[in-house]
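>>> dropping a prediction and its sequence here:
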Amino acid sequence: MNNYRVEFNTVSWQTAPSGARFKVHKEGSMQLRLLEFGRDLNHPDWCVMGHIGFLLEGEMEIEFDDETLSFKTGDGIIIPAGESYRHRPKAISEKVQIVFVEET
């Protein structure tokens with residue numbers, strides 16, 4: 001690993017079809033993803049990816065098959081990958097910003 005510090009201000013924003021913006025920094029088999037979305041997020045499909053992250057700004061809900069959980073600034077998020085953990089995010093505040101650590 002060559003970098004110990006990631007400066008996201010030097011990485012360009014990309015936009016997903018769902019309307020979320022993100023920045024990605026890859027380092028070997030790991031990456032950091034800075035994700036930002038608002039109330040207009042259009043996430044029609046259930047996500048089956050695993051996520052480990054930290055809510056930097058805002059409030060959000062994550063809808064699962066059997067429950068909806070609320071998260072606020074400072075909360076950690078751990079969602080295992082797989083069909084049994086299908087989920088859908090929704091912003092409660094105007095803007096939500098999360099940083100995720102992902103294995104590629």
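Thanks, I have it.
>>> buried stuff in the helix or strand hosting Glu36?
Per DSSP states H and E, Glu36 falls inside strand 30-38. If you call a residue buried by 16 or more other CB atoms under 10 Å, then strand 30-38 has these buried ones: Leu32, Arg33, Leu34, Leu35, Glu36, Phe37. (Each C-beta comes from the backbone N, C-alpha and C, glycine too.)
>>> show me which of the residues you listed is closest to Arg5.
Leu32 (10.9 Å; CB to CB).
>>> what is that closest one paired to in the beta sheet?
Leu32 has these beta-bridge partners by DSSP bridges: His25, Val101.
>>> so how far is Leu69 from it?
Distance, Leu32 to Leu69, by CB to CB, to the nearest Å: 23 Å.
>>> repeat for Leu35
Distance from Leu35 to Leu69, by CB to CB: 17 Å.
>>> nearest to Val6 among the buried residues of strand 30-38?
Nearest to Val6 among the buried residues of strand 30-38, with distances taken as CB to CB, is Leu32, at 5.5 Å.
>>> my guess is the closest one meets Val99, correct?
Yes. Using CB atoms under 8 Å, Leu32 is in contact with Val99, at 6.2 Å.
>>> can you list the weak-confidence ranges in this structure?
1-3 (pLDDT under 70).
>>> show me where it has strands.
14-15, 21-27, 30-38, 51-57, 59-64, 68-72, 76-79, 87-91, 95-103 (DSSP state E).
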